[in-house]
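Chemist: task: produce atomic coordinates for the following.
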Amino acid sequence: MASASLQGKTVRELQDLARETPMQPRRRRRPGLSRAARLHLVDILSRWSGLGLALVAGVSVYMAVAAGRAYPGRAAAWAAMMLAALWVARRLRSEFRSGASLSSRPFRWRASFTASLSVLGVVLASAPILLAPTGAPAVFGVQILALSVTASFAAALLAAAHLPSAAAFAAPGAIFAVLTGLRAGDSGLLFAGFATSLLALTGLYLAHRYLEKSAARAYPRTMTVRREAPRQTASRGGASSASSALQA
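Modeler: Residues are numbered from 1 along each chain as shown. Sure thing, here's the model as predicted:
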């Protein structure tokens, strides 16, 4: 209908029609975090993640020792994977904090650190399946599941400053908690794993949003173009010196 009504009109008539047609206002994109706010969140991630790695290391040692009494081969293989993933993540963090590596590229370091945490999170969350075989006692399997899920969500909370880093711990923990319930065929264990995972993921997202909003308030975005800031500073300095010379 609209194309048929435009047929036969001249170019000038079409231009006049376009001027008279009200323009729809553009939807303004929501401004994101400033660079200073994102750097602040990277600093929080590098500081808080140390406690998360220490917690994961302590829980991993306990689970490996507990499983090694009955299943030494499984415990040795899982502990070797766990130690390798922990070593990589801890080295990346310590080198960044000391300024030895990638300190001038914080966002690249964050990507590398998140990749190492994803491997660490999968190895930690797989403990109920790798350490407790099908014929293992139910009490032992539930104990390993509770320890691994608790460590995963606690480490994710300490990495809440960066949502992908937190998800590297929380997502495998939630997935393996549900898989362990399905594997055991226990509806109660399945429901408990699903409810715990849902509650933990919700709390993790709320913690991330709180840290993000706090960083946005502390380091708001500025409308000054970065290259114009030195000019404004120089003009202010020149104006102040000129006013002081006139007063003298």
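Chemist: where do the strands sit along this protein?
Modeler: Ranges of strands in the chain, per DSSP state E: none exist.
Chemist: in it, which helix has the most residues?
Modeler: The residue-count maximum for a helix in the chain (DSSP state H) belongs to helix 35-68.
Chemist: and that helix, average pLDDT?
Modeler: Per-region confidence: helix 35-68 scores 92 on mean pLDDT.
Chemist: okay, buried residues for that helix please.
Modeler: Judged by neighbour count using 16 or more other C-beta atoms under 10 Å, the buried positions of helix 35-68 are 37-38, 40-42, 44-46, 48-49, 52-53, 56-57, 59-60, 63-64, 66-68. Where C-beta positions appear, they are placed from N, C-alpha and C, glycine not excepted.
Chemist: now stretch 195-215
Modeler: Thr196, Ser197, Ala200, Leu201, Leu204, Ala207, His208, Leu211, Glu212, Ala215.
Chemist: okay, and which of these map to helices?
Modeler: Among the buried residues of stretch 195-215, the members falling in helices (DSSP H) are Thr196, Ser197, Ala200, Leu201, Leu204, Ala207, His208, Leu211, Glu212, Ala215.
Chemist: pick the one among the residues you listed closest to Gly141.
Modeler: Thr196 (15.7 Å; C-beta to C-beta).
Chemist: what distance do you get for that closest one to Ala215?
Modeler: Thr196 sits 29 Å away from Ala215, going by C-beta to C-beta, to the nearest Å.
Chemist: then Arg183?
Modeler: 41 Å.
Chemist: just Leu83 next, same as before
Modeler: Distance of Leu83 to Ala215, computed by C-beta to C-beta: 34 Å.
Chemist: Val139 now?
Modeler: 44 Å.
Chemist: residue contacts, the most centrally placed residue in the chain?
Modeler: The geometric centre of the chain, computed from its C-alpha atoms, lies nearest to Leu163 (C-alpha atoms, centre = their mean), at 2.2 Å. Shown in contact with Leu163 (C-beta atoms under 8 Å, 6 or more residues apart in numbering): Tyr205, His208.
Chemist: mind doing that once more with 7 Å?
Modeler: His208 (C-beta atoms under 7 Å, 6 or more residues apart in numbering).
Chemist: which residue packs closest to Ala64, ignoring adjacent ones?
Modeler: Ala79 (4.2 Å; C-beta to C-beta, 6 or more residues apart in numbering).
Chemist: how many neighbours does that neighbour have?
Modeler: The number of residues packed near Ala79 is 19, by other C-beta atoms under 10 Å.
Chemist: burial count for the closest residue to Met81 other than its chain neighbours?
Modeler: What sits nearest to Met81 in space, not counting adjacent residues and going by C-beta to C-beta, 6+ apart, is Val123, at 4.9 Å. Val123 has 23 neighbouring residues, counting by other C-beta under 10 Å.
Chemist: thanks a lot, see you next time.
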